[in-house]
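**Q** kindly return the folded structure for what I paste below:
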Amino acid sequence: MGIMLAFGVYAQGTPEDDVRAVITRLFKGMQLGDSAMVRSTFSGDVQFVTIASNKDGLSSRHTEKNAVPFLKAVGTPHAEAWNEEIWNLNVNIDGSLAQAWCDYAFYVDRKFSHCGVDAFLLHKEKEGWKIFHLADTRRPAPCLIPKEIEARYK
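**A** Next up is the predicted model:
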């Protein structure tokens, strides 16, 4: 009886672990080209914002007000896997609101594409945590990618 009770305690994740699992599922779905898996991480009214520099070096912002273009891109067959590696994932939660922030490097198969940060806002819905806002920065350099991640793509 004591062993079963101890197992039950260890099997339960924290809310922070649950948020991390949603983010992990998003990137696994991207890697597999599985738009249904990716869709399962989003609320119905998810919004995407990308901050990048334009060709003149000025900051620009692009907003998508729904997931359709992104899901179509993920689900359209492509020969190369999309590998988004993340580190320094920090999660903060207050009730049913979570904020997560991490560094990332994006690879098309084994070829480096860009890096930046991902900033997620999630809401704990009836089905669990769902991303309702995803913002990212994108740049080709400078990127301080951990050595163990770089080693996976050499």
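**Q** which stretches of the chain form strands?
**A** Per DSSP state E, the chain carries strands over the ranges 42-53, 59-64, 82-94, 97-108, 111-125, 128-138.
**Q** same list (these) but as JSON lines, adding distance to P15 and mean neighbour count.
**A** No exception for glycine: its C-beta is placed from N, CA and C like everyone else's. Shown next, in JSON lines, are the strands of the chain (distance: least, Cβ to Cβ, whole Å; neighbours: other Cβ atoms under 10 Å):
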{"stretch": "strand 42-53", "distance to P15": "17", "mean neighbour count": "16"}
{"stretch": "strand 59-64", "distance to P15": "27", "mean neighbour count": "10"}
{"stretch": "strand 82-94", "distance to P15": "5", "mean neighbour count": "15"}
{"stretch": "strand 97-108", "distance to P15": "7", "mean neighbour count": "19"}
{"stretch": "strand 111-125", "distance to P15": "8", "mean neighbour count": "17"}
{"stretch": "strand 128-138", "distance to P15": "8", "mean neighbour count": "19"}
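**Q** export the ones you listed to TSV and tack on distance to P146 and mean pLDDT?
**A** Shown next, in TSV, are the strands of the chain (distance: least, Cβ to Cβ, whole Å; pLDDT from 0 to 100):
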stretch	distance to P146	mean pLDDT
strand 42-53	23	95
strand 59-64	26	93
strand 82-94	6	98
strand 97-108	9	98
strand 111-125	11	97
strand 128-138	18	97
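**Q** for K28, find the nearest of those strands.
**A** With Cβ to Cβ as the criterion, K28 lies closest to strand 82-94 of the strands of the chain, at 9.7 Å.
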